[in-house]
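Peer 1: Predicted structure and sequence below. I'll ask about it afterward.
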Amino acid sequence: MNDHFEYYYNNVPGKGLCRNNLIYTSLISKDHKTFCQWYHNDAEYHKNMNQVVDPKLMDEKWQRELKFLDLMNTHFPQHIPSILDIDYNQKKIYLEIDGYDIWERVGCNNIDYSSVLVDWDKQMLEIIAAHQILGIYKLSMHPSSYFSVNGKLKSINYFFCYTDHDKSIMMRDVLSHISHDRQRDLIPKMNTMGLDFDSTMSFTQFQHIAFDTFKLNFREDVMESAKEIYPL
């Protein structure tokens, strides 16, 4: 980290400053024009609550980020922030932004983002449709993964993506990628679907579970429309 960047936190009501991401270390330029994904397990940033501590797993997340960000940049560059630079040695990706993420801009306590972008819901579904066209299952959808840049919604965080070419996984395999709060919400939803943490599921099922759990953060009608893009 240099003098131009600082740690980026979300100011969550009742919790205070919380890490913006539980995989990497989030940095923001002091002019709020550049966001940096630093694939470095920083104990200070994560306040000793690091969930991904295995260097091999961190490297896997870094490789997935590069792979799927490049795929989006090649086919749907309008849906991601402009890539300013990638430092492969330090594992840093620099993205052009315009201020804080949309979750932060609504006070980290809302499920509607119309005050940031009037048509955020339409734009989000367009992004999800682009993922489906490319055969991507993107399971990291926290609202802090979206920025508004020049009136356009921009998606980040492609470390938790899969395609049908990937080996099947169980929910237990990826629990370190999922916040403890969201894990608590997972259990009843998986029970409803007749699934458990040791069930091998299709990636479409994983995607539907993601849409269901993110009803905590987005309007239910938007997530139900997203599920229609990935029919079971």
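Peer 2: Good, I have the coordinates.

Peer 1: Quick one: the strands in the chain, in order.
Peer 2: 5-7, 9-12, 16-19, 25-29, 34-38, 83-87, 92-96, 137-138, 146-149, 152-155, 161-162, 169-170, 200-201 (DSSP state E).

Peer 1: Dump those strands into TSV; add mean neighbour count and distance to residue 214 as well.
Peer 2: Yep, even glycine has a C-beta here, placed from its N, CA and C like the rest. Output for the strands of the chain, formatted as TSV (neighbours: other Cβ atoms under 10 Å; distance: least, Cβ to Cβ, whole Å):
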stretch	mean neighbour count	distance to residue 214
strand 5-7	15	25
strand 9-12	16	16
strand 16-19	14	17
strand 25-29	21	19
strand 34-38	22	20
strand 83-87	13	25
strand 92-96	20	21
strand 137-138	22	11
strand 146-149	21	11
strand 152-155	21	13
strand 161-162	22	15
strand 169-170	14	19
strand 200-201	14	17
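
Peer 1: which one of those strands lies closest to residue 210?
Peer 2: Comparing the strands of the chain against residue 210 with Cβ to Cβ, the closest turns out to be strand 137-138 (7.9 Å).

Peer 1: I'd like the average pLDDT over that closest one.
Peer 2: For strand 137-138, mean pLDDT is 97.

Peer 1: Tell me the strands beside that strand, with direction?
Peer 2: strand 161-162 (antiparallel) (DSSP bridges).

Peer 1: Could you give the separation of the partner strand from the chain centroid?
Peer 2: Here the centre of strand 161-162 is set off from its chain's centre by 11 Å, with Cα atoms, centre = their mean, to the nearest Å.

Peer 1: what comes into contact with that strand?
Peer 2: 64, 67-68, 136-140, 169, 203, 206 (Cβ atoms under 8 Å, 6 or more residues apart in numbering).

Peer 1: Quick check: mean pLDDT of that strand?
Peer 2: The average pLDDT for strand 161-162 rounds to 96.

Peer 1: so the longest helix along the chain versus strand 83-87, what angle?
Peer 2: Ranked by number of residues, the top helix in the chain under DSSP state H is helix 55-75. Interaxial angle of helix 55-75 relative to strand 83-87 (axes from the mean of the first three to the mean of the last three Cα atoms, to 10 degrees): 150 degrees.

Peer 1: Alpha carbons of helix 55-75, as PDB, please.
Peer 2: Provided in PDB are the C-alpha atoms of helix 55-75 (Å, rounded to 0.1, in the frame of the first residue of the first chain):
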ATOM      1  CA  PRO A  55      -2.200 -19.300   0.500                       C
ATOM      2  CA  LYS A  56      -3.100 -22.000  -2.100                       C
ATOM      3  CA  LEU A  57      -6.800 -21.000  -1.800                       C
ATOM      4  CA  MET A  58      -6.000 -17.300  -2.000                       C
ATOM      5  CA  ASP A  59      -4.000 -18.000  -5.200                       C
ATOM      6  CA  GLU A  60      -7.000 -19.900  -6.600                       C
ATOM      7  CA  LYS A  61      -9.300 -16.900  -5.900                       C
ATOM      8  CA  TRP A  62      -6.700 -14.600  -7.600                       C
ATOM      9  CA  GLN A  63      -6.600 -16.800 -10.700                       C
ATOM     10  CA  ARG A  64     -10.400 -17.000 -10.900                       C
ATOM     11  CA  GLU A  65     -10.600 -13.200 -10.500                       C
ATOM     12  CA  LEU A  66      -8.200 -12.700 -13.400                       C
ATOM     13  CA  LYS A  67      -9.900 -15.300 -15.600                       C
ATOM     14  CA  PHE A  68     -13.400 -14.100 -15.300                       C
ATOM     15  CA  LEU A  69     -12.600 -10.400 -15.200                       C
ATOM     16  CA  ASP A  70     -10.800 -10.900 -18.500                       C
ATOM     17  CA  LEU A  71     -13.700 -12.700 -19.900                       C
ATOM     18  CA  MET A  72     -16.100  -9.900 -18.900                       C
ATOM     19  CA  ASN A  73     -13.600  -7.300 -20.200                       C
ATOM     20  CA  THR A  74     -13.500  -9.100 -23.600                       C
ATOM     21  CA  HIS A  75     -17.200  -9.600 -24.100                       C
END
